[in-house]
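Engineer: Okay, predicted coordinates and the sequence, questions at the end:
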Amino acid sequence: MEAIAPYKEGADVIKEVGGSTFRLCFQCGLCTATCPWNLVRTFLPHRMIRQAQFGLANLEDEDWWLCTTCAACVERCPRGVEIIDVMQAVRSIMMEAQMMPASLRNVVASLGSVGNPWSEAREKRSDWASGLDVKAFTRDTALLYFPCCTPAYDSGARTVARATASVLRKTGADFGILGTKESCCGESIRKAGSNSLFESLAKGNIAVFTANGVKEILVSSPHCYTTFKNEYPKLGADFKVVHFVQYLARLSGEGRLKFTRELNKRVVYHDPCYLGRHNGIYDEPREILRSIPGIELMDEIDSHENSLCCGGGGGRIFMETKKGERFSDILVQQAIDRGAEILATACPYCILNFKDSVLTVEKGDKLEVKDISEIVDEVI
């Protein structure tokens, strides 16, 4: 099957599944010039949009699975083409045709059966909190902490959830967790093209949150934040969502964030795509880090809206990226070259990719990778 369908029929199918803004594209090529993939290989999104316009998107072209949904191209498009939506629309057609990477087949099966993408038992979802005396959420609890599947299950990111819970306890937050009752937020699989699975996960979570009287959710992952804030309300959700860095900034503004130790380290902060470009949260993490005694804060070479993606968005966290094509390697090397001792971020996907990269990049052992929650937990 080489194409979705001939000409107009194929273009109409892409429009129906959410890619309608492709009609605005006039092939200036700015998206291609912006895309981080062209730092490591050739990737031509403007030509792929052209394929979509004519309904001739080749479903056998693996490049449709490259997009990390970092939104750099969307931010710079002079015509307002939602390129991420076009990519997602074509992916959804490919998924329906069972033309997806093998790793995504496993993820889809895992999400459908156990509610997480890592093929882990639902009964283990709250194991990350072992020994922390974290209470179960009840209707009287003010704040639900939703750690994300990655910190809940992956040993490389579990420290994020544990540090967040520790800081919440130290700052006197009235919080709890739902543990086995919750499922994946569904953001990454939606961006990978499975709208039906996303809706199933989302409606299941909304039912659980509603039944348990959840009014406010605190998250560690910008991907959960984006989905809960922007997508769940369309399905009937009614609760407030806050990312952990916003919570810390709020405490700092109220004079309730007290540090007892110095951290005399040079720190580079990385802007996660889904915290920064997708949601405009740039200042809060920097304010927190600057307020910690002893830290010398340095920005990335390209920061804020120009931040380079770690490579984990758009379902790429579940797919293999060839050595030599990993954006995270570039970011880790830049941090090392600048003399940083800590590469800090605020996203579990970034944490996993950076931890992989420090194992392979030259002098990577000189650089620590830490979530802001871990840094704050050390000095509070």
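Structural biologist: Received, thanks. Numbering: from 1, shown residues only.
Engineer: how about the strands in the stretch 201-350 of the chain?
Structural biologist: 216-219, 240-243, 266-269, 296-299, 342-345 (DSSP state E, counting those that start in this stretch).
Engineer: Of the ones you listed, which stretch is the most buried?
Structural biologist: Compared across the strands of the stretch 201-350 of the chain, strand 342-345 shows the largest average neighbour count, a mean of 25 (mean count of other Cβ atoms under 10 Å). Every residue, glycine included, has its C-beta placed from N, CA and C.
Engineer: Who are the packing partners of it?
Structural biologist: If contacts are counted by 3 or more Cβ pairs under 8 Å, 6 or more residues apart in numbering; DSSP states H and E, strand 342-345 sits against strand 266-269, helix 327-337, helix 348-357, strand 368-371, helix 372-379.
Engineer: Now distance to Ala202 and mean pLDDT too, for those, in a markdown table please.
Structural biologist: Output for these, formatted as a markdown table (distance: least, Cβ to Cβ, whole Å; pLDDT from 0 to 100):
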| stretch | distance to Ala202 | mean pLDDT |
| --- | --- | --- |
| strand 266-269 | 31 | 98 |
| helix 327-337 | 28 | 97 |
| helix 348-357 | 19 | 98 |
| strand 368-371 | 25 | 98 |
| helix 372-379 | 25 | 98 |
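Engineer: Of these, which is nearest Ala165?
Structural biologist: Taking Cβ to Cβ, helix 372-379 is the member of the helices and strands packed on strand 342-345 nearest to Ala165, at 8.9 Å.
Engineer: how far off helix 348-357 does that closest one point, in degrees?
Structural biologist: 80 degrees (axes from the mean of the first three to the mean of the last three Cα atoms, to 10 degrees).
Engineer: In helix 372-379, which residues are buried?
Structural biologist: By neighbour count on 16 or more other Cβ atoms under 10 Å, the buried set for helix 372-379 is Ile372, Ser373, Glu374, Ile375, Val376, Asp377, Glu378, Val379.
Engineer: Pick out the residue nearest the middle of the protein.
Structural biologist: Nearest to the centroid of the C-alpha atoms of the chain, with distances taken as Cα atoms, centre = their mean, sits His223, at 3.8 Å.
Engineer: That one and Thr69: what is the separation?
Structural biologist: Using Cβ to Cβ, to the nearest Å, His223 is found at 10 Å from Thr69.
Engineer: Now list whatever residues contact both of these two.
Structural biologist: Gly313 (Cβ atoms under 8 Å, 6 or more residues apart in numbering).
Engineer: Just the helices from the stretch 151-300 of the chain, written as ranges.
Structural biologist: Under the criterion DSSP state H, counting those that start in this stretch, the stretch 151-300 of the chain contains helices at 158-170, 187-191, 195-211, 222-230, 244-253, 283-291.
Engineer: for the record, mean pLDDT for the fifth one?
Structural biologist: Same thing as helix 244-253. Here helix 244-253 scores 96 as its mean pLDDT.
Engineer: who touches it?
Structural biologist: Under Cβ under 8 Å, 6+ apart, the answer for helix 244-253 is 164, 167, 171, 173, 218-220, 242, 257, 275, 281, 283-285, 287-288, 291, 346, 372-373, 376.
Engineer: now with 6 Å?
Structural biologist: 164, 171, 218, 220, 257, 284-285, 287-288, 291, 346, 372-373 (Cβ atoms under 6 Å, 6 or more residues apart in numbering).
Engineer: picking up where we left off before, looking at the helices and strands packed on strand 342-345, which is nearest to Ile83?
Structural biologist: helix 327-337 (17.5 Å).
Engineer: just to revisit the earlier point, how about the helices and strands packed on strand 342-345, which one is nearest Ala142?
Structural biologist: helix 372-379 (18.9 Å).
Engineer: Cool, thanks, talk later.
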